[in-house]
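[1] no FASTA, just this:
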């Protein structure tokens, strides 16, 4: 019964976000059409942006591999990269569970227990959302407070909730309950070694900063006149990405990410520029996903290298 209410709560929350985004776009559509977009394309900056995204993937792969190692199973880096990259393509399928399910299946083929792959993916998802929300709170307070009084309180609540969530992931009883809620029957220890969780937290926080750097560089490559700062880029990317991640219906957060991105940056760079940058960012992320997956999709997987 509790799991049913949990699912309904996720769907209702996601629909509310979608309604908010739709209303926001409708209300600002005339302003978007009337505002000119100062495109100034510099291919070199775009290439650098995609390269930074790929570097971020390298860091996240290592984070997942070390989380697995914290439970015991060892996985060669290329095998971990193959599993992480190919399973992450499941985010483009509605439901958001396909990425985790794909990771469990691919990991099992490498000799990794399915429960370990699933548990590590779920805990890192919580870590990712927690560190991302924390970054939004840190980078977004000044900008949002200037245009929307009262935002400081809301962002303070987000930061507190993020800290509590990250602490909960590291505490065995709560981590065990979290995994049980997702139907993961853990064996042996409920949580990985503390150093694995610590590395996951540090790596995901660094990943959000790298994502922000990629967006900042991309803005210089397509809309330099907007003058987007690094802090604004990092906060807007993290906030919009998390919103899209939490909405189960939208594959890859399509529509939700762009709407929240525009809402966060419209007062700073204008609604049209914000929407244009959101669309280009989506395209850049998709290109990076394809480039990351292509080598693994074109080569056959070798023999299992996992050991306990």
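    Looks like it came in fine. Worth saying up front: this structure is predicted, and the values here are computed from it rather than measured.
[2] my guess is residue 50 meets residue 290, correct?
    No - look at residue 50 against residue 290 with CB atoms under 8 Å: they stay out of range, at 10.3 Å. C-beta coordinates here come from the backbone N, C-alpha and C atoms, glycine included.
[3] more neighbours: these two, which one.
    residue 50 (18 against 11; other CB atoms under 10 Å).
[4] now do residue 37, the pLDDT please.
    Per-residue pLDDT puts residue 37 at 80.
[5] OK, contacts around the closest residue to residue 65 other than its chain neighbours?
    Spatial nearest neighbour of residue 65, excluding adjacent residues (CB to CB, 6 or more residues apart in numbering): residue 80 at 4.1 Å. Neighbouring residues of residue 80 by CB atoms under 8 Å, 6 or more residues apart in numbering: 61, 62, 64, 65, 68.
[6] tell me the pLDDT of residue 80.
    93.
[7] kindly list the longest helix within the chain.
    helix 114-147 (DSSP state H).
[8] now do the helices in the protein.
    Applying DSSP H to the chain gives helices spanning 2-27, 29-34, 43-71, 77-88, 98-109, 114-147, 151-170, 172-181, 194-222, 230-246, 256-269, 271-297.
[9] any low-confidence regions in the chain?
    Along the chain, the parts satisfying pLDDT under 70 run over 1-35, 94-97, 140-191, 248-253, 300-308.
[10] now do 90
    Low-confidence segments of the chain (pLDDT under 90): 1-39, 67-75, 87-198, 201, 225-229, 231-232, 235-236, 239-276, 279, 297-308.
[11] number of residues surrounding residue 39?
    Considering only other CB under 10 Å, residue 39 is surrounded by 12 other residues.
[12] list the contacts of it.
    Taking CB under 8 Å, 6+ apart, one finds 222, 223, 276 in contact with residue 39.
[13] chain neighbours aside, what residue packs nearest to the first one?
    For residue 222, ignoring the flanking residues on the chain, the nearest one in space by CB to CB, 6+ apart is residue 280 at 5.4 Å.
[14] correct me, but that neighbour touches residue 217?
    No - using CB under 8 Å as the test, residue 280 is too far from residue 217 to be in contact (11.8 Å).
[15] who's more crowded, these two?
    Under the neighbour definition other CB under 10 Å, residue 280 and residue 217 were set side by side, and residue 217 has more, 23 against 20.
[16] you'd agree the more buried one is up against residue 53?
    No - judged on CB under 8 Å, residue 217 makes no contact with residue 53 at a distance of 9.9 Å.
[17] just the buried residues of stretch 192-209, please?
    By 16 or more other CB atoms under 10 Å, the buried positions in stretch 192-209 come out as 192, 196, 197, 199, 200, 201, 203, 204, 205, 207, 208, 209.
[18] ignore the last one, stretch 84-100
    84, 85, 86, 87, 88, 89, 90, 91, 96, 98, 99, 100.
[19] first-to-last residue distance for it?
    9 Å (CA to CA, to the nearest Å).
[20] go on, stretch 102-116?
    13 Å.
[21] closest one of the contacts of residue 80 to residue 295?
    Checking those against residue 295 with CB to CB, the nearest one is residue 61 at 13.2 Å.
[22] what sits closest to residue 128 if chain neighbours are left out?
    The shortest distance from residue 128 to any non-neighbouring residue, by CB to CB, 6+ apart, is to residue 204 (4.9 Å).
[23] now residue 42. Its backbone dihedrals?
    The phi/psi pair for residue 42 (degrees, to the nearest 10) reads phi -120, psi 100.
[24] ugh, wrong one, I meant residue 112
    According to degrees, to the nearest 10, residue 112 has phi -90, psi 130.
[25] how near is it to residue 203?
    19 Å (CB to CB, to the nearest Å).
[26] residue 82 too?
    19 Å.
[27] do residue 218 as well
    Between residue 218 and residue 203 the distance is 22 Å, computed by CB to CB.
[28] ok, residue 88 next?
    Relative to residue 203, and taking CB to CB, residue 88 is found at 15 Å.
[29] same question for residue 118.
    19 Å.
[30] likewise residue 264?
    Distance of residue 264 to residue 203, given as CB to CB: 24 Å.
[31] got it, and residue 255?
    29 Å.
[32] ditto for residue 265
    In terms of CB to CB, residue 265 sits 26 Å off from residue 203.
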